[in-house]
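Chemist: build me a structure from this.
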Amino acid sequence: MTSMFWAAPLAFLLLPAQEAYIVSTLAWMVMFITYMPTLIYYQRSPLWSLALPAIGTLYLGMTWTSALRYWRGERACWKDRRYESNTNN
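Modeler: The predicted structure follows:
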């Protein structure tokens, strides 16, 4: 997920070739176009599409944290209430 969201901006900044600029710009345009329906639905500015790499990285981190907690046996906790699983593992 990080490579998907960070490849375009990093290639644009780090690679000197003209082809890298073109491919990076096209990748950003595709991300922008596919994210626009969500932004329109929630009545947000199109500039939020520039935050997609950070948003994707945050989402990935939260997913990994959730998986690690699950593997450690920690179940859902919200407002200091624990919600244990009903299944026996």
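Chemist: E74 belongs to a strand?
Modeler: No: under the criterion used here (DSSP: H, G, I helix; E, B strand; the rest coil), E74 is coil, not part of a strand.
Chemist: got the confidence number for it?
Modeler: With respect to pLDDT, E74 scores 79.
Chemist: give me phi/psi at it?
Modeler: phi -80, psi 130 (degrees, to the nearest 10).
Chemist: neighbours of it, just the number please.
Modeler: Residues contacting E74 under the criterion other CB atoms under 10 Å number 12. From N, CA and C alone the C-beta is placed, and that goes for glycine too.
Chemist: equivalent analysis for T57, please.
Modeler: T57: 14 surrounding residues under other CB under 10 Å.
Chemist: okay, buried residues for whichever helix or strand it is part of please.
Modeler: For T57, the host element (DSSP states H and E) is helix 52-71. Buried residues in helix 52-71, counted by 16 or more other CB atoms under 10 Å: 52-53, 56.
Chemist: contacting residues around L39?
Modeler: 45-46, 48-49 (CB atoms under 8 Å, 6 or more residues apart in numbering).
Chemist: the helix or strand hosting it: which residues count as buried?
Modeler: Element membership of L39, judged by DSSP H and E, is helix 18-41. Across helix 18-41, burial judged by 16+ other CB under 10 Å covers 20, 23-24, 27-28, 31, 35.
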